[in-house]
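Asker: one predicted model, sequence on top.
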Amino acid sequence: MDKIIIYQIFTRLYGNRNETRTPGGSIGENGCGKFSDFTPAVLRRLKTTGVSHVWYTGVIRHATTTDYTQYGIPRQHPAVVKGRAGSPYAITDYYDVDPDLADSVADRMAEFEQLVSRTHEAGMKVIIDFVPNHVARQYHSICKPEGVRDLGEDDDPAQGFSPQNNFYYCPGQRFTPYLDLYHGETEPYDEEPAKATGNDCFNNAPGMNDWYETVKLCYGVDYYAGRVGHFDPVPDTWLKMTDILLFWASKGIDGFRCDMAEMVPAEFWAYATARVKAEHPGLLFIGEVYNPGEYRHYLASDFDYLYDKVGMYDTLFRVIRHEQSTQAITGAWQQTDDIRRHMLYFLENHDELRIASDFFAADGRRAVPALVVSALMQQNPFMLYAGQEYGERGMDSEGFSGRDGRTTIFDYWAVDTLCRAAAKKLTADEKQLAATYKKVLTIARKEKAVVEGAFYDLMYVNPDCHRQYMFLRRASKRSQLLVVANFDDTDVTVGVNIPQHAFEFLGMNEGLYSATDLLSGTSAELTLSALHPVVLTVEARSAVVLKLSEK
């Protein structure tokens with residue numbers, strides 16, 4: 001059994017070293033990362049940081065303003081593309097890869113397959129996106145296997161809803177959104193009848209905050225009649241999308257991160273996961289599900305892991321910013337305690353604010369205690385986003401993506417810290433932060449107490465602690481940890497109470513222990529007792545991870 005550590009990489013950005021950084025610039029101006037940037041040496045270095053799985057974000061071909069018509073790839077109308085590079089979640093061909101990522105566009109699929117092989121050879125597994133809820137407005141597959149019917153090819157657009165349609169329609173109505181349908185072109189973008197928009201906008205006029213560049217896929221749910229499901233016979237979209245999952249699984253990937261999984265009925269997931277896992281045992285399904293009330297419904301449909309966003313992420317966000325007590329962390333894990341092994345913890349991803357941005361914490365080091373908590377508290381997976389380990393700020397104005405504290409997913413760009421890390425030009429603080437991430441992730445992967453040990457929350461017997469969080473982990477006499485994370489901006493000396501029940505629950509003895517801090521390397525002797533607190537000094541925005549050995 002291993003603890004999963006997922007490293008999310010926005011593939012287009014990761015290896016791009018062109019530092020022109022013209023806001024809204026073309027691929028020619030700003031450059032673009034390639035599959036080939038992930039050399040064996042790069043992947044080996046990544047493996048040494050504790051990563052088990054690499055999530056290559058934005059692999060499947062999506063809408064872009066870059067012209068690839070010379071390769072037979074249809075051109076997209078810029079009115080329905082967000083940014084110059086386009087959103088990786090506006091898929092134009094489920095059977096193709098993004099030509100931006102290839103050195104040889106004609107050989108782009110082979111280059112992706114080689115990346116999968118290189119990643120496996122480096123000892124890591126591969127995750128890619130599956131975007132089931134919506135596609136680009138001009139979706140058209142040129143790479144689908146022989147005999148496969150395209151999405152929408154057999155639809156009856158005169159019906160707003162049909163269980164066997166792939167899309168939802170607004171019969172008799174033209175697509176008339178808020179935006180300029182010319183967008184510099186001589187001819188406007190034209191769509192009639194209008195298709196429903198991806199974020200459940202079932203009219204012909206999506207607004208600027210809608211996912212106007214996408215169209216909603218129909219899985220047999222009649223939204224016009226109040227979300228009535230029609231699943232017998234099996235809807236055509238179920239068959240097509242399951243075949244797409246099987247196509248990518250056959251490429252040797254190890255898992256799918258399923259975008260907005262909760263916008264697709266759980267009944268489909270039960271059908272699809274059963275078919276895919278029957279042919280590819282062990283393949284992971286990770287769901288982006290935000291409604292805690294639906295967690296168990298989707299896990300029952302055989303998802304392996306779900307985002308813990310509105311619980312653990314949102315709580316740690318507020319704790320880092322000193323807007324909430326560390327006592328709230330206990331409540332966050334308790335909400336999903338029965339499904340704890342299935343919850344994916346994270347502090348950053350492509351949707352969320354960069355920790356070091358001015359909109360979050362302004363300094364990546366302020367999240368170190370949250371890193372320790374989320375990576376070491378449970379046996380479940382932990383995910384980090386490329387650049388997080390260096391304190392990437394995400395404060396650029398890249399183009400379509402403004403200065404919002406996030407790294408763009410819409411523009412051609414180069415990420416400052418990733419460029420400087422490759423050039424060995426990180427600051428001393430950035431190097432130290434990266435070293436801390438490596439230590440914590442290595443502990444998460446290597447320490448038996450974390451990988452398979454029991455967890456004991458100590459907060460209920462330390463009720464006066466509001467900026468420290470403390471817990472025990474134990475797998476055996478040789479593998480037991482006492483962890484204290486300090487979210488305060490100053491060093492603290494804290495007395496940690498350990499109740500009698502903790503000793504009984506974990507099978508530990510009271511008495512003298514030698515304790516080595518796995519982060520600092522320092523050692524000391526401690527007496528663990530239910531009668532007296534353990535007094536520890538913890539540096540500001542840091543933690544101690546004490547490996548305990550009974551004397």
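Answerer: Nice, thanks for sending it over.
Asker: which residue comes closest to the residue nearest the centre of the chain once chain neighbours are left out?
Answerer: Centrality entry for the chain: nearest residue to the mean C-alpha point is Asn349, 5.0 Å, by CA atoms, centre = their mean. Nearest residue to Asn349, sequence neighbours excluded (CB to CB, 6 or more residues apart in numbering): Tyr385, at 5.2 Å. In short, each C-beta sits where N, CA and C put it, glycine included.
Asker: same check, this time on His280
Answerer: Leaving aside its sequence neighbours, His280 sits nearest to Ala249 (CB to CB, 6+ apart; 4.5 Å).
Asker: what is the burial count for that neighbour?
Answerer: Here the number of neighbours of Ala249 (other CB atoms under 10 Å) works out to 17.
Asker: pop out the phi and psi values for it.
Answerer: Ala249 adopts backbone torsions of phi -60, psi -30, taken as degrees, to the nearest 10.
Asker: now do Asp93
Answerer: phi -160, psi 110.
Asker: my guess is Met263 contacts Asp200, does it?
Answerer: Yes. Met263 sits in contact with Asp200 when judged by CB atoms under 8 Å, with a separation of 7.0 Å.
Asker: pretty sure Asp344 belongs to a strand, no?
Answerer: Actually, residue 344 is Leu rather than Asp. Yes. Under DSSP: H, G, I helix; E, B strand; the rest coil, Leu344 falls within a strand.
Asker: so how far is Tyr385 from it?
Answerer: Remark: distance between Leu344 and Tyr385 (CB to CB, to the nearest Å) = 13 Å.
Asker: quick revisit: compare Met263 and Asp200 and say which is more crowded by neighbours.
Answerer: Each of Met263 and Asp200 has its neighbours counted (other CB under 10 Å); Met263 has more, 19 against 15.
Asker: and the strands in the stretch 101-250 of the chain?
Answerer: Taking DSSP state E, counting those that start in this stretch as the criterion, the stretch 101-250 of the chain carries its strands at 125-130, 134-136, 169-170, 194-195, 214-216, 221-222, 228-229.
Asker: which residues are contacting the last one?
Answerer: Among residues not part of strand 228-229, those counted as contacts by CB atoms under 8 Å, 6 or more residues apart in numbering are Gly220, Val221, Asp222, Pro265, Glu267.
Asker: quick check, nearest of the residues you listed to Val97?
Answerer: The nearest member of the contacts of strand 228-229 to Val97, counting by CB to CB, is Pro265 at 27.9 Å.
Asker: state the number of residues packed around the closest one.
Answerer: By other CB under 10 Å, 19 other residues sit near Pro265.
Asker: pretty sure it is touching Asp222, no?
Answerer: No. Counting by CB under 8 Å, Asp222 is not a contact partner of Pro265; they are 11.4 Å apart.
Asker: which among the strands of the stretch 101-250 of the chain is found nearest to Lys439?
Answerer: The minimum distance between Lys439 and the strands of the stretch 101-250 of the chain falls on strand 125-130, with 22.4 Å, by CB to CB.
Asker: and of the strands of the stretch 101-250 of the chain, who's closest to Arg17?
Answerer: For the strands of the stretch 101-250 of the chain, proximity to Arg17 was assessed by CB to CB; strand 125-130 is nearest, at 23.3 Å.
Asker: for the spatially closest residue to Ala386 that is not a sequence neighbour, grab the count of nearby residues.
Answerer: Once flanking residues are discounted, Ala386 sits nearest to Ile9: 4.8 Å by CB to CB, 6+ apart. Here the number of neighbours of Ile9 (other CB under 10 Å) works out to 25.
Asker: what about Ile9, which SS state?
Answerer: Secondary structure, three-state DSSP: Ile9 is strand.
Asker: identify the bridge partners of it.
Answerer: Beta bridges link Ile9 to Tyr56, judged by DSSP bridges.
Asker: sketch out the helices for the stretch 401-550 of the chain, chain order is fine.
Answerer: With DSSP state H, counting those that start in this stretch as the criterion, the stretch 401-550 of the chain has helices at 416-422, 428-446, 448-451, 500-506.
Asker: is Glu294 in a helix, a strand, or coil?
Answerer: Here Glu294 is helix, with the state taken from three-state DSSP.
Asker: quick one: residues contacting it.
Answerer: Shown in contact with Glu294 (CB under 8 Å, 6+ apart): Glu262, Ala266.
Asker: how far away is it from Phe202?
Answerer: Distance from Glu294 to Phe202, by CB to CB: 21 Å.
Asker: please apply the same query to Gly453.
Answerer: 49 Å.
Asker: count of residues packed around Asp351?
Answerer: Here the count is done by other CB under 10 Å, and Asp351 has 11 residues near it.
Asker: likewise for Pro499?
Answerer: A count of nearby residues for Pro499, using other CB under 10 Å, gives 14.
Asker: who does the residue nearest to Asn349 bridge with?
Answerer: Gln8.
Asker: could you pull up the residues touching it?
Answerer: Gln8, Phe346, Glu348, Asn349, His350, Thr407 are the contacts of Tyr385 under CB under 8 Å, 6+ apart.
Asker: from these, list just the buried residues.
Answerer: In these, burial by neighbour count holds for Gln8, Phe346, Glu348, Asn349, His350, Thr407, counting by 16 or more other CB atoms under 10 Å.
Asker: Cys258 touches Gly287, doesn't it?
Answerer: Yes. Cys258 is within contact range of Gly287, at 5.1 Å (criterion: CB under 8 Å).
Asker: got any residues that touch both of the two?
Answerer: Trp269, Phe303.
Asker: got a list of what the closest residue to Ile244 other than its chain neighbours touches?
Answerer: Sequence neighbours aside, Tyr94 is the residue nearest to Ile244 in space, at 4.6 Å (criterion: CB to CB, 6+ apart). Each residue near Tyr94 by CB under 8 Å, 6+ apart is listed here: Ile60, Val135, Ser141, Lys144, Leu151, Ile244, Phe247.
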